[in-house]
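In: what follows is a predicted protein model with its sequence.
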Amino acid sequence: MLVIDDLLVRPFVSLLDILQTMALEELYDVDRIRDDLKETQLLYEIGELDEEEYRRRRTDLEEQLELAEQVREDLTSGKIEVKN
Amino acid sequence: MTGDHLYVYGIVEDEELELDVEGVGGAERIYTVTTGGLSAVVSDIDTTDPERTTEAMEAHDGVLKAVLEDRTVVPMSFGMAFKDERTLRNVLGGGKRAFRKALDEVEGTVELGVKLVGDADADLRRDPVREEARDRLEPIAVDVVGNDLFSDRLLVNDSYLVDRDDRVAFDEAVGALEQDLDGVVVQYTGPFAPYNFVDIHIGAEQ
C-alpha cells in the first residue's frame, strides 16, 4: 500500500515530506506525461529521434501514464489511504 | 465489421457519397445519410460507444481526409455514434441551423497546422518568433487559433484556416518563413478538416 503524508494536517512539515510529496506529484502527473508523449512524437516527426529511440521513449511513457492514471483513480476512489 | 448503429465522421453539403477507405471499427463502406440539404458521412458500427484507440482515431481522421479532398466538411470529434438512422436524422434535423452555419463558415477552406520547434541548443524566445509567423501567415489566412504549447521546445503551435484558392501562396509563405528563421524547424501539416474552427457539440449520443 502506498502511504502519502498529508501535509495540510501536520503542524510541522519536514523538508523530506515536501520532497516526497513533490516527487509523487511529478511521478503521477498525468498531464505532464501526456505532454511528454506529444513532445516525443513531435521530435520523432521532425527527425530528431530515430525510430528505435522514439519507440523506447513512447513505451516508457505509456507505461508511466497507465500507472499514473491508476494511482489517480485509486486516490479518488479511496483505495489508497492518506495517513498523517 | 458491420453493425446496426451509425458512426458519424462529419457533415457535408447534400451529396450522395461512397468512399473506399477503411472506417472506425474496420468498416468497409463509407456513405452518406441526407436530411434537409445536409449529408452526414457515416459507416456502420456495432457499438454506440466506440473505444478511443489509436487505430480508431486514425481511421476517423483518414475518412475525413478522404472526404475533404473534394469538398468542405464540418468534422465531428471522435466517438459520435448513433443508435440507428432515424436517431441520426432527428439529430441532423434538430441541429440543422447550427450545422448549416458551421458549414457556411468553413466553406471552401482547409485547416493547416504550423508548428515551430526551436533547436535543442537554440536560446529562442517565443513571442518574437510567434509574431514573425503570424505577421507573415495571418494575412493569407481566413482565421488562426493558437494551440497548446505542450513542450518547451515548441515555440509556436498554430492552426490556420485557409481558402483552398490561397493554398499555394500559404505554402510559399511557410517555406519562406522556415528559410528566414534561424534555429527553428517548421512542421507544416494538413490539410485537415477544420476541427479548430467549428464548435458543434451533440448532446445525446443515442
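Out: In hand now; what should we look at? Please read all numbers here as calculations on a predicted model, not as lab measurements.

In: for chain B, give me its nearest residue in chain A.
Out: Per Cβ to the nearest Cβ, A:Glu39 is where chain A lies closest to chain B, at 3.8 Å. All C-beta atoms are positioned from the backbone trio N, CA, C, and that covers glycine.

In: just checking, B:Glu105 is part of a helix?
Out: Yes: per DSSP: H, G, I helix; E, B strand; the rest coil, B:Glu105 lies within a helix segment.

In: need the pLDDT of it.
Out: According to the prediction, B:Glu105 has pLDDT 92.

In: how close does the residue of chain A closest to chain B sit to A:Arg57?
Out: Applying Cβ to Cβ, to the nearest Å, the value for A:Glu39 to A:Arg57 is 9 Å.

In: excluding its backbone neighbours, what's nearest residue 62?
Out: Just so you know, I chose chain A. Leaving aside its sequence neighbours, A:Glu62 sits nearest to A:Leu37 (Cβ to Cβ, 6 or more residues apart in numbering or on different chains; 7.2 Å).

In: try chain B instead
Out: Excluding the flanking residues, the one nearest B:Gly62 by Cβ to Cβ, 6+ apart is B:Val21, at 5.8 Å.

In: the one you found against B:Asp61, yeah?
Out: No: B:Val21 is not in contact with B:Asp61 according to Cβ atoms under 8 Å; the separation is 10.6 Å.

In: neighbours around the residue nearest to B:Gly62, how many?
Out: The number of residues packed near B:Val21 is 16, by other Cβ atoms under 10 Å in any protein chain shown.

In: contacting residues for the spatially closest residue to B:Glu16 that is not a sequence neighbour?
Out: Leaving aside its chain neighbours, B:Glu16 sits nearest to B:Thr32 (6.2 Å; criterion: Cβ to Cβ, 6+ apart). Applying Cβ atoms under 8 Å, 6 or more residues apart in numbering or on different chains to B:Thr32 gives the contacts B:12, B:15-17, B:39-42.

In: which residues of chain B lie near chain A?
Out: Contacts of chain B with chain A, taken as Cβ under 8 Å from any Cβ of the partner chain, map to B:115, B:117, B:120, B:150-151, B:153-154, B:185, B:187.

In: just the ones of these in strands?
Out: Secondary structure assignment by DSSP state E places B:115, B:117, B:154, B:185, B:187 of these in strands.

In: what's the burial count for the second one?
Out: In this case it means B:Val117. By other Cβ under 10 Å, the residues close to B:Val117 number 24.

In: so it makes contact with B:Asn157?
Out: No: counting by Cβ under 8 Å, B:Val117 stays clear of B:Asn157, with 9.4 Å between them.

In: so what's the nearest residue to B:Glu28 once chain neighbours are set aside up against?
Out: Using Cβ to Cβ, 6+ apart and skipping residues adjacent in sequence, the residue nearest B:Glu28 is B:Glu22, 6.8 Å away. Listed by Cβ under 8 Å, 6+ apart, the contact set of B:Glu22 reads B:28, B:59, B:62.

In: pretty sure B:Glu22 sits in a helix.
Out: No: going by three-state DSSP, the assignment for B:Glu22 is coil, not a helix.

In: need phi/psi at it.
Out: The phi/psi pair for B:Glu22 (degrees, to the nearest 10) reads phi -80, psi 130.

In: excluding chain neighbours, what is closest to the residue in chain B that chain A sits nearest to?
Out: Among the residues of chain B, B:Ser151 lies closest to chain A, at 3.8 Å counting by Cβ to the nearest Cβ. Nearest non-adjacent residue to B:Ser151, counting by Cβ to Cβ, 6+ apart: A:Glu39, 3.8 Å away.

In: contacting residues around the strand or helix carrying that neighbour?
Out: In this assignment (DSSP states H and E), A:Glu39 forms part of helix A:30-45. Residues outside helix A:30-45 that contact it (Cβ under 8 Å, 6+ apart) are A:26, A:49, A:51, A:54, A:57-58, A:61-62, A:64-65, A:68-69, A:72, B:115, B:117, B:150-151, B:153-154, B:187.
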